[in-house]
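A.B. asks: Attaching a predicted model along with its sequence, questions to come.
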Amino acid sequence: MVTMIINNSTENTVEKESLTAVLLDKDGNTLGETITYIDHLAPGEQYSISVVLKGDLTATTQIRLQK
């Protein structure tokens, strides 16, 4: 299971956005990815999401969100 906190550090409200969460190792190699959906996230707000992914993801050092 992977748990991540998504923090809206922008000044814009994020609404109805599908994003891909890409799990990376220390060298920037992709270890896994999953699609996530943000219904509404105001500036400065954050929420936590947990997903179950298959494989060994213990080398994850960074999660990158991309449209």
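C.D. replies: Everything's here; your move. The model shown is predicted, which means the values in this text are computed figures rather than measured ones.
A.B. asks: in the protein, which spans are strands?
C.D. replies: Remark: strands assigned in the chain by DSSP state E are 2-7, 14-24, 30-41, 46-51, 62-66.
A.B. asks: residue ranges with poor pLDDT in this protein?
C.D. replies: Nowhere does the chain drop to pLDDT under 70.
A.B. asks: ok, the residue most central in space within the chain to Ile63 distance?
C.D. replies: Centroid-nearest residue in the chain: Ala21, 4.0 Å away (criterion: C-alpha atoms, centre = their mean). As judged by C-beta to C-beta, to the nearest Å, Ala21 and Ile63 stand 5 Å apart. (Glycine included, C-beta is placed from N, CA and C.)
A.B. asks: Next: Thr36.
C.D. replies: Taking C-beta to C-beta, one finds Thr36 at 10 Å from Ile63.
A.B. asks: re the thing from before, pairing partners for the residue nearest to the centre of the chain in the sheet, please.
C.D. replies: For Ala21, the beta-bridge assignment (DSSP bridges) gives partners Thr34, Leu65.
A.B. asks: Next up, the contacts around the spatially closest residue to Ser18 that is not a sequence neighbour.
C.D. replies: With sequence-adjacent residues excluded and distances taken as C-beta to C-beta, 6 or more residues apart in numbering, Ser18 is closest to Tyr37, at 5.3 Å. By C-beta atoms under 8 Å, 6 or more residues apart in numbering, the contact list for Tyr37 reads 16-19.
A.B. asks: Spatially nearest residue to the spatially most distant residue from the centre of the chain, not counting backbone neighbours?
C.D. replies: Distance to the chain centre peaks in the chain at Glu11, reaching 18.7 Å (criterion: C-alpha atoms, centre = their mean). Among residues not flanking Glu11 along the chain, Pro43 sits closest, at 5.1 Å (C-beta to C-beta, 6+ apart).
A.B. asks: from memory that neighbour sits against Glu15, does it?
C.D. replies: No - the criterion here is C-beta atoms under 8 Å, and Pro43 misses it with Glu15 at 11.9 Å.
A.B. asks: ok, the residue farthest from the centre of the chain to Leu65 distance?
C.D. replies: When Glu11 is compared with Leu65 (using C-beta to C-beta), they lie 17 Å apart.
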